[in-house]
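# everything below, folded, please.
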Amino acid sequence: MDAVTPKAKADLRSQLVRPADMEWQPTRFPGCEAKTLLFDPESGLVTTLMRFAPGAVLPDHEHVKIEQTYVLEGKLVDKDGPDAGLTVGPGEFVWRPAGSRHVAVAPEGGLMLAIFQIPNKFYERDGRVTDATGQDWERVWGRILKE
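Next up, the predicted model:
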């Protein structure tokens, strides 16, 4: 995790993040890397730059709350789900409603700015539901929905 919100809620200063000075962090999904620009562990809010190698796949996942993505380079394509075939290209913005579920692929690679109100749920082949780091989603994030 690169940028974490300050713990002191009384700190009202702007928080400058310089993505060019940050290293790309591999994710557990082959060909997907991230630079986390904002992460609030209390609310689950995440803003991240995502870089996808050609053909990289973001496997079966659900957007628990609204997700927003602005494509800077390349393409993001819904491989399945209700919008199968939807292609979002450079300069285009897509938002997905809470509860939407799909598999996304970047056929030619891509660079995207993504904003999540709470981390996605990933549906593993063995039946587990995890977050992007592989941790049990309910254990780590379920408390937020109950608040």
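# could you report the neighbour count for Phe122?
Counted with other Cβ atoms under 10 Å, residues neighbouring Phe122 total 20. Where you see a C-beta, it was placed from the backbone N, CA and C, and this is true even at glycine.
# show me the contacts for Glu108.
Counting by Cβ atoms under 8 Å, 6 or more residues apart in numbering, Glu108 touches 54, 74-75.
# now the protein, which segments are flagged as low pLDDT?
Residue ranges of the chain with pLDDT under 70: 1-10.
# just the helices in this structure please.
137-146 (DSSP state H).
# which parts of it are strands?
25-26, 32-39, 46-52, 56-63, 67-74, 76-80, 87-88, 93-96, 100-106, 110-116, 121-123, 129-130 (DSSP state E).
# which of these sits closest to Arg18?
Closest approach to Arg18 among those is made by strand 32-39 (9.8 Å; Cβ to Cβ).
# contacts for that closest one?
Here strand 32-39 has contacts from 1-5, 15, 17, 19, 22-27, 45-53, 56, 58, using Cβ under 8 Å, 6+ apart.
# got it, and stretch 115-133?
Under Cβ under 8 Å, 6+ apart, the answer for stretch 115-133 is 27-29, 43-48, 59-69, 101, 136-138, 140-141, 144-145.
# could you flag which of those are buried?
27, 29, 44-48, 59-65, 67, 69, 137, 141, 144 (16 or more other Cβ atoms under 10 Å).
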